[in-house]
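In: Quick one: sequence plus predicted model below, questions after.
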Amino acid sequence: MTGYKVANGNGTAKTNGNSNGHSNGHCNGHKSADYTAQENPTGSGKIRCELTPEELRALRVLHEDTYPYEVIEEIADFITKGSGMRPKIGIICGSGLGSLADIIQDPKIFEYEKIPNFPVSTVEGHAGRLVVGTLEGATVMAMQGRFHFYEGYPLAKCSMPVRVMKLCGVEYLFATNAAGGINPRFAVGDIMLMHDHVNMLGFAGNSPLQGPNDPRFGPRFPALVNSYNKDLINKAIEIGKAMGIESNIHVGVYSCLGGPNYETIAELKALRMMGVDAVGMSTVHEVITARHCDMKVFAFSLITNKCATEYSDKKDEEANHEEVMAVAKNRQKACCELVSRLIREIHLASA
Ligand SMILES: O=P(O)(O)O[C@@H]1C[C@H](O)[C@@H](CO)O1
């Protein structure tokens, strides 16, 4: 292999409800009143559902699934003109890792709600802003809030911002996530540099590339071997050493499930048998979209919880989002430093 250690069994190396307008009454994370169901005054006996204009817009954005090249181009123009920049590096902040965007200098901030045709974030720990600016001398754009399949968005929509990044000029995608550690060697707070993935949603017939292919983005049948840039992995390992956290850095395989429920013990055992080291609910479709349009990819998982692979009645072994957020907050400094230093190296190498 290639110089870096791959993890193995002996390893080293405001929730505001659902987004689909269903029963709990919230719509797309907007801070709006619950749906008000009323008897239709016409006396037809049908229930009427009153939505605010904001909720109606959010529903439309949720169900608008096609993003032709020209629409992506319009969004990219809005961002490059609005920021006066053509960023070279795109960052997607994982759950609780929004601080990766807070360290951007001279930030121009775009609320997702104000970007034409952009979805909105509905998950706690995903602020819903695009931040454009500079970091370590490089021009960057960061998504402070990503879109997940379980929010009700189709995969192509979850990863649509990656294509926006591409048309803004981005060459490198940095994707980060919070994940459960399945490899028994991983501890909470460790960082796993992704060197491959198992696309469980793909096994089930879902892909962000489904539907007509626009060759202006990439080929109909993209190859995904070597999706994760080896030079960047090796540089990140070196940076980890320089930071004195080499024992907390691993290289491994991530798998994305649909969520929002966490996994059963049987599922976790199966994933482990398949060679998966960390499990989450994102990133894979973003990476597929980035590789399709030939971006260089660096991705890591912050291990926010250890996944139990044996049956137990202990409540404290169950994954929960509060713990995920708390661990991410605790480790944000190390994650920010790793990302900044790597971006600095990319910038210096290209200067
Ligand atoms: O956006 P990421 O993948 O970092 O978020 C993970 C997966 C779920 O959204 C959430 C579960 O706690 O954290």
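Out: Yes, it's here.

In: How about the secondary structure of residue 236?
Out: helix (DSSP: H, G, I helix; E, B strand; the rest coil).

In: That one and residue 284: what is the separation?
Out: Here residue 236 is placed at a distance of 19 Å from residue 284 (Cβ to Cβ, to the nearest Å). For the C-beta atoms, the positions are set from N, CA and C on the backbone; glycine is no exception.

In: Same drill for those two, tell me which one is more crowded.
Out: residue 284 (30 against 23; other Cβ atoms under 10 Å).

In: Without its sequence neighbours, what residue ends up closest to that one?
Out: Distances taken as Cβ to Cβ, 6 or more residues apart in numbering place residue 256 nearest to residue 284, at 4.0 Å, with adjacent residues excluded.

In: What sits closest to the residue of the stretch 251-351 of the chain found nearest the ligand if chain neighbours are left out?
Out: The minimum distance from the stretch 251-351 of the chain to the ligand, using Cβ to the nearest ligand atom, falls at residue 282 (3.3 Å). Among residues not flanking residue 282 along the chain, residue 177 sits closest, at 5.1 Å (Cβ to Cβ, 6+ apart).

In: Report the contact partners of residue 126.
Out: By Cβ atoms under 8 Å, 6 or more residues apart in numbering, residue 126 lies in contact with 93, 95, 98, 144-146.

In: neighbour-wise, which of the residues you listed leads?
Out: Result: residue 93 is most packed of the contacts of residue 126 (other Cβ under 10 Å), 29 neighbours.

In: Phi, psi for residue 302 please.
Out: Reported as degrees, to the nearest 10, the phi and psi values for residue 302 are phi -90, psi 120.

In: how many neighbours does it have?
Out: 28.

In: Ok, residue 208 next?
Out: Residue 208, neighbours per other Cβ under 10 Å, totals 25.

In: on that earlier part again, in helices, which of the contacts of residue 126 fall?
Out: In helices, defined here by DSSP state H, there are no members of the contacts of residue 126.

In: Among the residues you listed, give me the pair with the biggest separation.
Out: Greatest spacing in the contacts of residue 126, by Cβ to Cβ: 95 and 144 (11.4 Å).

In: which residues touch stretch 97-114?
Out: With Cβ under 8 Å, 6+ apart as the criterion, stretch 97-114 contacts 78-79, 82-85, 91, 93, 118-121, 125-135, 140, 142-145, 176, 178, 302, 328, 332, 335-336, 339-340.

In: one more time with 7 Å, if that's ok
Out: 79, 82-83, 91, 93, 118-121, 125, 127-135, 140, 142, 144-145, 176, 302, 328, 332, 335-336, 339-340 (Cβ atoms under 7 Å, 6 or more residues apart in numbering).

In: CA-only coordinates of it in CSV, if you can.
Out: Taking C-alpha atoms only, stretch 97-114 is exported to CSV below (Å, rounded to 0.1, in the frame of the first residue of the first chain):
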residue,chain,number,x,y,z
LEU,A,97,-17.7,20.9,13.8
GLY,A,98,-19.0,24.2,12.6
SER,A,99,-16.0,25.9,14.3
LEU,A,100,-14.0,24.8,11.2
ALA,A,101,-15.8,27.7,9.5
ASP,A,102,-15.4,30.1,12.4
ILE,A,103,-11.7,30.3,11.9
ILE,A,104,-12.0,31.6,8.3
GLN,A,105,-10.7,35.1,7.9
ASP,A,106,-12.6,38.0,6.4
PRO,A,107,-15.6,35.9,6.1
LYS,A,108,-18.5,36.6,3.8
ILE,A,109,-21.5,34.8,5.2
PHE,A,110,-24.4,33.5,3.1
GLU,A,111,-27.4,32.1,5.1
TYR,A,112,-28.7,29.1,3.2
GLU,A,113,-32.2,30.6,3.3
LYS,A,114,-31.0,33.5,1.3
